Structure formats: C-alpha cells, structure tokens
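S.K.: I would like to see how this sequence folds:
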Amino acid sequence: MKNKVKIQFLGAAGTVTGSKYYIETSSLKILIDCGLFQGLKELRNHNWEDLPIDVAQLDYVLLTHGHLDHTGYLPRLIQQGFTGSILGNAPSLAIAEIILKDTAKIQEEEAERANKKSYSKHHPALPLYTDEDVMETLRLFKTTDVNTWIELAPNIRFKLRKAGHILGACFIELEIYEKIFVFSGDLGRENDLLLPPPEKPKWADYLFLESTYGKKLHPQTDATETLIELINTTIQNSSNLIMASFAVERLQLLIYILWELYKKNKIPRLPIYVDSPMGIDVTHLFSRFPADHKIPEHEFQAMKNHIELVSSYKRTWEIIDKPGPKIVIAGSGMMTGGRILTYLKQYSDDSENIFVLTGYQAEGTRGRQLEEGAYEVKIHGKYFPFNARIVRLESLSAHADQAELINWCRSIKNVPEQVFLVHGERQVTDAFRVKLQTEFNWHIKLPTLFEEIEISL
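M.R.: Now for the predicted structure:
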C-alpha cells in the first residue's frame, strides 16, 4: 500500500508573502513556515482568517528563517489551538522573537491610534495579536542544529542547511518514506558581503523553490557608487538622506557599506542615525552569533561605533529637527510601518530630500507605490504630498536572482518528480517556469493559493 502525502499551499503561492506549506501524512502534520501576508489588502485580510486546516492537530512548525513573511502568523496559530513545537536554528528563533514582539507592539499601537482618531472601519479596531499571544508562542520554540538529521516520526526526518539571505536562514530537506522534499525558503546571494553563500542540495524528489527574482538579474553596477553620489548630493544641499531598510540583514549591510566607504575616504564623516529599535536588537545578534556571518567582531564593534543607534521616539524628533546634512536608516523596508513613517510625514514634501528603497517592494506597499511614481502617500488615514527624490538600490537585494537560482538548482543530481515555484508574483513565476524548463526540462507547477495536492510515495 502506497503512503499518501497531502500538501496545501496556505501562502506564498502567486505572491511573495505569507509563506505557509501544510504537509500531512498518516502519522504527522507539519507546517513549513508560518508567515504573515503583507502588501495588498486582499492578501492582508487572510491574516484575520483561521487556516483551513485543523490547527490543533498540527505536530510541528519548521522554520526556514525569522522574517515576518515566514514567522509572523505564529501567534495566530496559537490563537487557533496549536500546542506543538516550533523548530528552527538559534539565530532564526532569536530573530523571530524580536520580529514577533515588535509586530505585536505595532499592532497594539495602531489599534489604539485608530480608535483614538476614528479612522478605522472597525469599531473598535483590534490588534491582530498581542504581546501576550507572542509570549505564548515563544514557549513553543525549540532550537535545532544545522546540518543534522532530526527524526520527527518513524520514516520522517528533516535537516536544516544554510541558505544565506539573512542571519540563520536555511533551506529544509524533509525526508518522508525515503523521498526528499526540499523547501528552499529564501535563498541568498552567492557573493554576499555579510553572509556565506547558500549551501546546495544534491537530491530533491520534490522541490519547492522560491522565485522572488525569477525573472530578473540583479544589476552588476556597484551600489556603493550610487550611495556616494547620493551622499555628496545630500551634503551639497544640506538635506536628508533617508534609507528605508529591513531590520534584518539589510540594515546591518548598509551600516557596513557606509563604514567601509568612510574607512576608504570615499565619503566624509557625517551624522548617521540608525532609527529602528528592532534593527538595533538584530544588530546585537551579530555579536551573539559570530559563526553565522563573515565580519570579525572587532570590525563589527568599530562599525557600530561609527553610527548612532536610536531607540527612543523622543530622539527621532530631535533628529528630524536637526538641520542637515545627515543620513537616517529607518524601518520598515517597504514603508508599511515603523519609524520611517515619521520621516515620510516630515520630509516627503521637500524636493531636496532623498528617500532610498533598499530592497524588494511588495504589491500594495507604500514603497511599491512610491517606486512606481506616486505623488502622495497615505499614512494613518491622511495623505501627504511626496515631492522628494526616490531611489531604488536593487543590487543590495538579499534574494538570489534568476541566474543564482538556476545555479543553485544545478547541484541537484536527479530529475525531481515535481517542482513547485512559490514565493513569487504570478508573471515572474511563469517567466521563471519557462526558463527552468528550457534549462532542465523539469516538471514544473505554479500552485495557487490554498490549492491542495496529493502525492503517492
């Protein structure tokens, strides 16, 4: 009698957010990642919905890495009755803890603000989850080693392998009845300044492959040259250079690049403010997990001493009132929340100010709207004119591009029985499907959101 495996795509199918893949066997029920949807409202609405599975029967959640779109739904899982174990390596769980606490705080503050100013359609406006929900979630965290097979049940085991991308990020090899299911998670760059290159799988019977940049090649131009030009313009105009940054990896990369430029006398010393409490917490993790990145500790400390780490919101306003020139690195990377919104409100109407997008901008986010030429931005129910300069630094992406994804796949020695392209917008995954089929002649499927499939092993 053949063993059956049911797979349901509960997120990151036809979109880049909300990564969740449900795996059901006769003996075990597993969720690979448990991410929050971001961007378009029609996607974000799913965050308020219960999953179409029996959450109380779930045994494990396996995490590829700590990003919000891979971990941010975990407290909602606990609300729905999950009592199993959440497994990930130490850096990933540490990052997830920081992100979940920060998200709960933002949710609670946003609900309070909406109720006070009456701009929400919901009465009362409620947070998606609270800090108390997060604390319940953290009790289920269990640390696992990398590159070690861990048995979950008879004939079912998994292994984490390093994927680059961010501190601790891994891809997952899940073996079910001697068949290997590979979940790429988010794959990093081959020549990342902070992190080692992704390890590569040798075998995959079933491959679940991210395709964020499956249609693109990252520019070969050096982002540092663009940054030098932007900084010189900022100094000349005595204005403000505001970088919208993801708190994990991107923020630390920006600090490192600015430090290197200063050391090489390519930019003068000027005030650099890192205004992201979550980003500061993640930066401290680089000292806690030195084996997971490439920067020596003495260099890391020198680089931190070169900038001002801003925690208090009072200091944010002091920085805003301080005349330029200055550089501010603030979260969030897609301008969906965080301190960057305060700078947007105060600085967006001045054409001499520069806002820099330092990574991928999902559909429906403020960053994507500004990238596409929006002349105003809506924040907390009000519209603010946007006359500042907007610049996108594409080459800083922490995601592998099409060539790097294909190179990663070349290490797979067998022909997978099925490849599923996930974590990409539909037109991107379709273009990537054609490229992969031309390159490898693999069987490729583009799953839709909430689609179920059954595999006989």
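
S.K.: please enumerate the helices of the protein.
M.R.: Ranges of helices within the chain are 41-44, 68-71, 74-79, 90-117, 131-138, 223-237, 250-263, 277-288, 297-305, 313-321, 340-347, 366-371, 402-409, 426-440, based on DSSP state H.

S.K.: got these as JSON lines, with distance to residue 15, mean neighbour count and mean pLDDT columns?
M.R.: In short, each C-beta sits where N, CA and C put it, glycine included. Rendered in JSON lines, the data for these read as follows (distance: least, Cβ to Cβ, whole Å; neighbours: other Cβ atoms under 10 Å; pLDDT from 0 to 100):
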{"stretch": "helix 41-44", "distance to residue 15": "6", "mean neighbour count": "14", "mean pLDDT": "93"}
{"stretch": "helix 68-71", "distance to residue 15": "10", "mean neighbour count": "27", "mean pLDDT": "96"}
{"stretch": "helix 74-79", "distance to residue 15": "18", "mean neighbour count": "24", "mean pLDDT": "98"}
{"stretch": "helix 90-117", "distance to residue 15": "19", "mean neighbour count": "19", "mean pLDDT": "91"}
{"stretch": "helix 131-138", "distance to residue 15": "24", "mean neighbour count": "17", "mean pLDDT": "97"}
{"stretch": "helix 223-237", "distance to residue 15": "27", "mean neighbour count": "16", "mean pLDDT": "95"}
{"stretch": "helix 250-263", "distance to residue 15": "21", "mean neighbour count": "20", "mean pLDDT": "95"}
{"stretch": "helix 277-288", "distance to residue 15": "24", "mean neighbour count": "20", "mean pLDDT": "93"}
{"stretch": "helix 297-305", "distance to residue 15": "35", "mean neighbour count": "14", "mean pLDDT": "92"}
{"stretch": "helix 313-321", "distance to residue 15": "32", "mean neighbour count": "13", "mean pLDDT": "96"}
{"stretch": "helix 340-347", "distance to residue 15": "23", "mean neighbour count": "20", "mean pLDDT": "96"}
{"stretch": "helix 366-371", "distance to residue 15": "13", "mean neighbour count": "21", "mean pLDDT": "95"}
{"stretch": "helix 402-409", "distance to residue 15": "18", "mean neighbour count": "19", "mean pLDDT": "98"}
{"stretch": "helix 426-440", "distance to residue 15": "8", "mean neighbour count": "17", "mean pLDDT": "96"}
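
S.K.: just send the ones you listed back as CSV, with distance to residue 152 too.
M.R.: Shown next, in CSV, are these (distance: least, Cβ to Cβ, whole Å):
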stretch, distance to residue 152
helix 41-44, 30
helix 68-71, 19
helix 74-79, 18
helix 90-117, 17
helix 131-138, 20
helix 223-237, 41
helix 250-263, 33
helix 277-288, 27
helix 297-305, 36
helix 313-321, 44
helix 340-347, 40
helix 366-371, 38
helix 402-409, 25
helix 426-440, 29
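
S.K.: quick one, which of these gets closest to residue 449.
M.R.: Closest approach to residue 449 among the helices of the chain (Cβ to Cβ): helix 41-44, 8.7 Å.

S.K.: and residue 10, how close does it get to residue 56?
M.R.: Here the criterion is Cβ to Cβ, to the nearest Å. By it, residue 10 lies 16 Å from residue 56.

S.K.: so those two - more neighbours on which side?
M.R.: residue 10 (25 against 10; other Cβ atoms under 10 Å).

S.K.: spit out the contact partners of the residue nearest to the more buried one when sequence neighbours are not counted.
M.R.: Distances taken as Cβ to Cβ, 6 or more residues apart in numbering place residue 20 nearest to residue 10, at 3.8 Å, with adjacent residues excluded. Neighbour list for residue 20: 9-12, 31-35, 51, 73 [criterion: Cβ atoms under 8 Å, 6 or more residues apart in numbering].

S.K.: could I get those in JSON lines, plus columns for pLDDT and distance to residue 261?
M.R.: Output for those, formatted as JSON lines (pLDDT from 0 to 100; distance: Cβ to Cβ, whole Å):
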{"residue": "9", "pLDDT": "98", "distance to residue 261": "43"}
{"residue": "10", "pLDDT": "98", "distance to residue 261": "43"}
{"residue": "11", "pLDDT": "98", "distance to residue 261": "38"}
{"residue": "12", "pLDDT": "97", "distance to residue 261": "35"}
{"residue": "31", "pLDDT": "98", "distance to residue 261": "42"}
{"residue": "32", "pLDDT": "98", "distance to residue 261": "39"}
{"residue": "33", "pLDDT": "98", "distance to residue 261": "36"}
{"residue": "34", "pLDDT": "98", "distance to residue 261": "38"}
{"residue": "35", "pLDDT": "98", "distance to residue 261": "34"}
{"residue": "51", "pLDDT": "98", "distance to residue 261": "46"}
{"residue": "73", "pLDDT": "98", "distance to residue 261": "38"}
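
S.K.: which of the residues you listed sits closest to residue 356?
M.R.: Out of the contacts of residue 20, the member with the shortest distance to residue 356 (by Cβ to Cβ) is residue 35, at 25.5 Å.

S.K.: correct me, but the closest one touches residue 15?
M.R.: No - taking contacts as Cβ atoms under 8 Å, residue 35 lies outside contact range of residue 15: 10.6 Å.

S.K.: re earlier: between the helices of the chain, which one is nearest to residue 149?
M.R.: Nearest to residue 149, of all the helices of the chain, is helix 90-117, at 17.8 Å by Cβ to Cβ.

S.K.: helices and strands around the closest one, which ones?
M.R.: Applying 3 or more Cβ pairs under 8 Å, 6 or more residues apart in numbering; DSSP states H and E, we find helix 90-117 packed against helix 68-71, helix 74-79, helix 131-138, strand 141-143, helix 277-288.

S.K.: out of these, which gets nearest to residue 452?
M.R.: Closest of the helices and strands packed on helix 90-117 to residue 452 is helix 74-79, at 19.0 Å (criterion: Cβ to Cβ).

S.K.: give me the residues contacting the closest one.
M.R.: For helix 74-79, with Cβ under 8 Å, 6+ apart as the criterion, the contacting residues are 31, 34, 47, 51, 55, 58, 61, 86, 96, 100, 104, 128-130, 133-134, 136-137, 140.

S.K.: only alpha carbons, please: show it as CSV.
M.R.: Taking Å, rounded to 0.1, in the frame of the first residue of the first chain, the C-alpha atoms of helix 74-79 are listed here in CSV:
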residue,chain,number,x,y,z
LEU,A,74,2.7,32.1,14.5
PRO,A,75,0.7,33.9,17.3
ARG,A,76,-2.5,33.5,15.2
LEU,A,77,-1.7,29.8,15.1
ILE,A,78,-1.6,29.7,18.9
GLN,A,79,-4.9,31.5,19.0
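
S.K.: now do the end-to-end distance for stretch 180-194.
M.R.: Separation of the first and last residues of stretch 180-194 by Cα to Cα, to the nearest Å is 30 Å.

S.K.: any buried residues in it, and which?
M.R.: If you call a residue buried by 16 or more other Cβ atoms under 10 Å, then stretch 180-194 has these buried ones: 180-189, 192, 194.
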